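In: pasted the sequence and its predicted model underneath.
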Amino acid sequence: MALSGLLVQVLNGLQYGLLLFLISSGLTLVFGVMGIINLAHGSLFMLGAYLCFAVVRAGASLWVALAVAVLGGAAFGVVLERLLFRRFRTREHLDQVLLTFALILLFEEARAALIDNQFHSVAVPELLDFPVPVMGGFAYSAYRLAVLVICLLVALAMFVVLERTRIGAAVRAAAENAEMVDLLGIDARRVYAFVFAAGTALAMLAGALAAPIQSVYPGMGQGFLIVSFVVVVIGGLGSMAGAFWGALLVGLIDTLCTAYVPQLAGASVYVLMVAVLLWRPAGLFARG
Amino acid sequence: MVLASLRLNLFFLMLAGLLAAAPLYAQPYYLELASTALVAAMFALSLQLLVGGAGLVSLAHAAFFGLGAYAVPLMTRFLGAPPSILVTLTAAGMLAGGAALGVGALALRTRGFFFLMSTLAFGQLFYFVFHDSPLGGGSDGLFIQRPVFGVGSLVFQVSRADRPAVLLALNLGLLALMYAGLHALMRTLFGRALLGIKANEHRMAATGHDVRALKLAAFALAGLLAGVAGHMAAVTDAFVNPDLLGWHRSASALLMVLLGGIGTLYGPILGAFAFTALAEASQSITERQGLVEGVVVLAVVLALPRGLAGLGRR
C-alpha cells in the first residue's frame, strides 16, 4: 500500500524531472555555446503551453499541437537569434538580463493579445486517457507515462545528435572555443542559430507536453524558470549530463517532499541548491 | 565610477530644494508619486553599489527590499503596537543587511552567470517564504499600520492631510543622506578597492586584497540600504505584498540603473525618476503597461548602452 503510493510519487517525480530536463537543457546549451543567459526561457515554456491550448481548441489533436510547438518553436528561435540574441553574445550580463526581461514582458503581451489571460485546461488525448495499473490497486495515468517516454526519447535523441553528428560536434566545439570553430571553416553563426532554435523548440515542447497535466496560466513559466536555474546550478553550467541528472534529482526531491513533508515543499529545492553551492560551488557535473 | 562634480552636485541640490518645496505648489497625488520615485531612487542607488561599484549583477536585491518592507508589520506585531519609526528603520536595515550577509556568503562562492543564477534562486526563496506562509498575510499582502513619527515622548502627530508632505520630506532626506554617504564611501580605500575588483578581480587578488571579503561587505551594505528603501516603501504605501520581494522588481531596479547610466552614482536616481514617470505616463495612456515597459527596455538596451547619463557625454 505505502510502497505502491511511493512508486506513484517516484513516477511523478521522474516525469516532472524529465520535463525540467527539456527546459534546463536548452538553458544550459544556449549558455554553454553562446554565453547567453536567457531569463525569457520560462516564458517560452508558457508560450508552448498556450500554443498547445490554441491548436487543440481549433480542433486539432494534441499530437498536431506537439508538432506545431516543436516546429514553431524552432522557427521562432531562429528569428529571435537572428534579430536579437546574436548581437548580445558579447554584451555584458546586465544587458542580457535586461534584454530577456524585456522579452518576458513582450511575450506576456503577445499572449494576451493573440490568445488571452485566462486559466485553461487541455484534455488528455482519448488514446491515452486511461489508467495503467501499477501495483497494489494503484493506477497511473497513461498520458503521464507517455510524457515520461517522450521526454526520455528526446533526451536520447539529443545525446545522439550531440555525440554522433557533425552539427553536434560543431556545437561541442563552439562551446569550447567559438573562434576556433570559425577557423576550422564551420560557420559559427549557423551553430548559434541551431542551438538557439533547439533550445526554444525544447522549451515549447515541454510547455505543450505539460498542458494536459497541469493548468495553463499566464505565470506558469516563472516557477519552471527558477527551478530550471536551480537545476543548472546543481548540475553545472554548460553540462548536458549535469542538466539531466540535476533535473531528475530536483524533480524527485520536490515531488517526494510535496507528498510526504509538505511543510518543506517550497524550500526543499533551494536547500538542495545551497548544499551543492557549499560543497561543490561549480556544480556536481562541472567540466574541469 | 565617475562621481559628480561640485557644480553637478549643486544642481542636484537645487532640484532637491524644488522637490522639497513641492507641497507648496503640487497636489497631494503628485507628492505621493514623488515619494514613490524617491523610494525607487533609494533602491536603485543601493543596487548601484553592487553593479557600478563591484561589478556584481544580483537578482536577489528585491528580496532585501521586501524584507525591509515586511520589517514594519513584523515589528508592530512583535511589540504589540506601532513602534517608533527609528525602531522599524533599524530593524529593517538589520534584517535586510543580515539576510544579505547570509545570501552573499553563499552566492559569492560563485561568479559570473552562476552568481546571477544563485541570486535569482535565493531571491525567489525569500519571495516564496512570504508568498506561501501566513507570516505576512500570504500572497494577498497586508495593509499595515504606519510606525510612530518620533521617539520616546517626542511624537509628531501627522494628520492625513499633512502626511504626503511629511513622507516626501522624509524620503528626500533619506535619499540625500544615502547619496552623500555613498559618495563619500566611493572615495575611501574601500570604494576604490571595489572599483578595482570591477576592473580586474585577479589583479586585486594578486595585490593582496581579500576580494571575497570586499565583495561580501559591499553585498551586505547594499542589502542593508535596500532594506531601508523597502522600509520607506512600506511606510509610504502602508501596504506590503510578496511582489516587493520578487525578481521582477530586481530587474526593474537594474533597468533604472542601466537607464540612468552605469558609470555614475547619480545615474540610478535619474533612472528611477525616468522609470516612475514612464510607468505613470503609460498607465494614463494604455492598459498594456507591460508592452510600453518592454519596448522601452528593449530600446534602452539596444540603443543606449551607457544610459541617460551617457547622452550628455557623447
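Out: Yes, it's here. Residues are numbered from 1 along each chain as shown, chains lettered A, B, ... in the order given.
In: could you find the closest non-adjacent residue to residue A:260?
Out: For residue A:260, ignoring the flanking residues on the chain, the nearest one in space by C-beta to C-beta, 6 or more residues apart in numbering or on different chains is residue A:9 at 7.8 Å. The C-beta positions use only the backbone N, C-alpha and C, and glycine is treated the same way.
In: which is the next helix or strand following whichever helix or strand that neighbour is part of?
Out: Take DSSP states H and E as the rule and residue A:9 turns out to sit in helix A:2-34. Downstream of helix A:2-34, the next assigned helix or strand under DSSP H and E is helix A:41-57.
In: counting by contacts, list what that next one packs against.
Out: helix A:2-34, helix A:62-83, helix A:93-114, helix A:188-210, helix A:220-235 (3 or more C-beta pairs under 8 Å, 6 or more residues apart in numbering or on different chains; DSSP states H and E).
In: hmm, who's touching the second one?
Out: Spelled out, that is helix A:62-83. Taking C-beta atoms under 8 Å, 6 or more residues apart in numbering or on different chains as the criterion, the residues outside helix A:62-83 that touch it are A:44, A:48, A:51-52, A:55-56, A:60, A:103, A:122, A:124-125, A:192-193, A:196-205, A:207-209, A:211-212.
In: residues in contact with stretch B:175-186: which ones?
Out: Taking C-beta under 8 Å, 6+ apart as the criterion, the residues outside stretch B:175-186 that touch it are B:1, B:3-4, B:16, B:38, B:41-42, B:45-46, B:48-49, B:53, B:191-192, B:194-195, B:225, B:228, B:265-266, B:269.
In: from these, keep the buried residues only.
Out: Among the contacts of stretch B:175-186, the ones that count as buried by 16 or more other C-beta atoms under 10 Å in any protein chain shown are B:1, B:4, B:16, B:38, B:41-42, B:45-46, B:48-49, B:53, B:191, B:194, B:225, B:228, B:265-266, B:269.
In: narrow the residues you listed to those in helices?
Out: B:16, B:38, B:41, B:42, B:45, B:46, B:48, B:191, B:194, B:225, B:228, B:269 (DSSP state H).
In: tell me which two in those residues are the farthest apart.
Out: The most widely separated members of those are B:16 and B:194, with 26.0 Å between them, by C-beta to C-beta.
In: contacts only, for the closest residue to residue B:277 other than its chain neighbours.
Out: Nearest in space to residue B:277, with sequence neighbours left out and distances taken as C-beta to C-beta, 6+ apart, is residue B:37 at 7.5 Å. Contacts for residue B:37 (C-beta under 8 Å, 6+ apart) come out as B:272, B:273, B:276, B:277.
In: please redo it, this time with the cut-off set to 6 Å
Out: B:272, B:273, B:276 (C-beta atoms under 6 Å, 6 or more residues apart in numbering or on different chains).
In: can I get those in TSV with neighbour count, pLDDT and secondary structure?
Out: Written out in TSV, the entries for those read as follows (neighbours: other C-beta atoms under 10 Å in any protein chain shown; pLDDT from 0 to 100; DSSP: H, G, I helix; E, B strand; the rest coil):
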residue	neighbour count	pLDDT	secondary structure
B:272	28	94	helix
B:273	22	93	helix
B:276	19	91	helix
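In: including distance to residue A:180, could these go into TSV?
Out: Converted to TSV, the contacts of residue B:37 look like this (distance: C-beta to C-beta, whole Å):
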residue	distance to residue A:180
B:272	44
B:273	47
B:276	47
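In: from those residues, pick the one nearest chain A.
Out: The closest of these to chain A turns out to be residue B:272 (C-beta to the nearest C-beta; 15.2 Å).
In: distance check, that closest one against residue B:291.
Out: With the distance defined as C-beta to C-beta, to the nearest Å, residue B:272 ends up 21 Å from residue B:291.
In: how about low-confidence regions in the stretch 101-250 of chain B?
Out: Screening the stretch 101-250 of chain B residue by residue with the criterion pLDDT under 70, one finds no matching range.
In: quick one: name the residues of it near chain A.
Out: Residues of the stretch 101-250 of chain B found near chain A, taking C-beta under 6 Å from any C-beta of the partner chain as the criterion, are B:106, B:109, B:110, B:113, B:117, B:118, B:120, B:121, B:124, B:125, B:128, B:132.
In: among those, which two are most distant?
Out: Spatially, the most separated pair among these is B:113 and B:132, at 27.8 Å (C-beta to C-beta).
In: quick one, which of the two is more surrounded?
Out: The neighbour comparison of residue B:113 against residue B:132 (other C-beta atoms under 10 Å in any protein chain shown) goes to residue B:113, with 20 against 14.
In: name the SS class of residue A:137, please.
Out: State at residue A:137, reduced to three classes by DSSP: H, G, I helix; E, B strand; the rest coil: coil.
In: how about it, phi and psi?
Out: phi 80, psi 0 (degrees, to the nearest 10).
In: what's the local residue count around it?
Out: Residue A:137 has 8 neighbouring residues, counting by other C-beta under 10 Å.
In: what's the closest non-adjacent residue to it?
Out: In space, and not counting its chain neighbours, residue A:137 is closest to residue A:4: 7.3 Å by C-beta to C-beta, 6+ apart.
In: and that neighbour, how far from chain B?
Out: Between residue A:4 and chain B the distance is 29 Å, computed by C-beta to the nearest C-beta, to the nearest Å.
In: for residue A:90, same thing?
Out: Counting by C-beta to the nearest C-beta, the separation of residue A:90 from chain B is 12 Å.
In: so for that residue, what's the pLDDT?
Out: Each residue has a pLDDT score; the one for residue A:90 is 83.
In: before we move on, what about residue B:311?
Out: Residue B:311 is assigned a predicted lDDT (pLDDT) of 61.
In: so how far is residue B:262 from the nearest residue to residue B:263 once chain neighbours are set aside?
Out: Nearest residue to residue B:263 in three dimensions, chain neighbours excluded: residue B:2, at 5.2 Å (C-beta to C-beta, 6+ apart). Using C-beta to C-beta, one obtains 10 Å as the distance from residue B:2 to residue B:262.
In: looking at these two, which one has more neighbours?
Out: Looking at residue B:2 and residue B:262 with other C-beta under 10 Å, you find the greater number of neighbours at residue B:262, namely 24 against 15.
In: and for the residue nearest to the more buried one when sequence neighbours are not counted, the neighbour number?
Out: Closest residue to residue B:262 in three dimensions, ignoring its sequence neighbours and counting by C-beta to C-beta, 6+ apart: residue B:52, at 5.2 Å. The criterion is other C-beta under 10 Å. On that basis, residue B:52 has 26 neighbouring residues.
In: and the pLDDT for residue B:52?
Out: Confidence score, pLDDT, at residue B:52: 86.
In: hang on, it packs against residue B:261?
Out: No: under the criterion of C-beta atoms under 6 Å, residue B:52 lies out of contact with residue B:261, with a separation of 8.7 Å.
In: quick one, what contacts residue A:12?
Out: So, once contact is read as C-beta under 6 Å, 6+ apart, residue A:12 ends up touching residue A:255.
In: where's it relative to residue A:144, distance?
Out: When C-beta to C-beta is applied, the distance between residue A:12 and residue A:144 equals 7 Å.
In: can you check residue B:21 too?
Out: Distance, residue B:21 to residue A:144, using C-beta to C-beta: 65 Å.
In: need phi/psi at residue B:287.
Out: The phi/psi pair for residue B:287 (degrees, to the nearest 10) is phi -90, psi -20.
In: for it, give its distance to chain A.
Out: Between residue B:287 and chain A the distance, using C-beta to the nearest C-beta, works out to 10 Å.
In: now do that residue, the pLDDT please.
Out: The score at residue B:287 is 74. That number is its pLDDT.
In: make CSV out of the helices and strands packed on helix A:41-57 and add mean pLDDT and distance to residue B:239.
Out: Supplementary listing: the helices and strands packed on helix A:41-57 in CSV, determined by pLDDT from 0 to 100; distance: least, C-beta to C-beta, whole Å:
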stretch, mean pLDDT, distance to residue B:239
helix A:2-34, 90, 34
helix A:62-83, 95, 38
helix A:93-114, 91, 24
helix A:188-210, 94, 34
helix A:220-235, 88, 22
